[in-house]
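Chemist: heads up, no residue letters with this:
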């Protein structure tokens, strides 16, 4: 199967979404069609594309919310893209890089921004320390 399919164990809140009838996971784009069981787009393409009613179905973006991929923090409200890039914590980011390599560009951007944020915070910390020392000397 192609596409990024998230196992149901990582779903914190299904909202209006339901797990795929075939893989039991959830994808960013789900497929719905009256008379069909809920399914993700990759499973629909693989399992029901020969059904004459297949073309009557539509895609919708899931509104499910997800938990931390690494199970390392208490995040439970992640949207699909936040989950896939591991935006909730560093351990999730590392795990996402392993699990979902197709999002490498987003992860590279996230990594650069994370490093820049670290430098910025360190710089602010040094400036605060220097200012504190200057005020103590007066």
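Modeler: Cool, got the structure. Remember, predicted model here, so these are calculated numbers, not experimental data. Numbers count the residues shown, from 1 in each chain.

Chemist: Report all helices and strands that the longest helix anywhere in the chain contacts.
Modeler: Longest helix of the chain, by residue count under DSSP state H: helix 104-137. With contacts defined as 3 or more CB pairs under 8 Å, 6 or more residues apart in numbering; DSSP states H and E, the packing partners of helix 104-137 are helix 80-85, helix 90-99. Glycine gets a C-beta too; all of them are placed from N, C-alpha and C.

Chemist: In JSON lines, list those along with distance to residue 53.
Modeler: Output for these, formatted as JSON lines (distance: least, CB to CB, whole Å):
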{"stretch": "helix 80-85", "distance to residue 53": "27"}
{"stretch": "helix 90-99", "distance to residue 53": "34"}
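
Chemist: Nearest to residue 47, out of the ones you listed?
Modeler: helix 80-85 (21.6 Å; CB to CB).

Chemist: quick one on the thing from earlier: how big is the angle separating the longest helix of the chain from helix 90-99?
Modeler: Computed by axes from the mean of the first three to the mean of the last three CA atoms, to 10 degrees, the angle separating helix 104-137 from helix 90-99 equals 160 degrees.

Chemist: Distance from the chain centre to helix 104-137, please.
Modeler: With CA atoms, centre = their mean, to the nearest Å as the basis, helix 104-137 stands 26 Å off its chain's centre.
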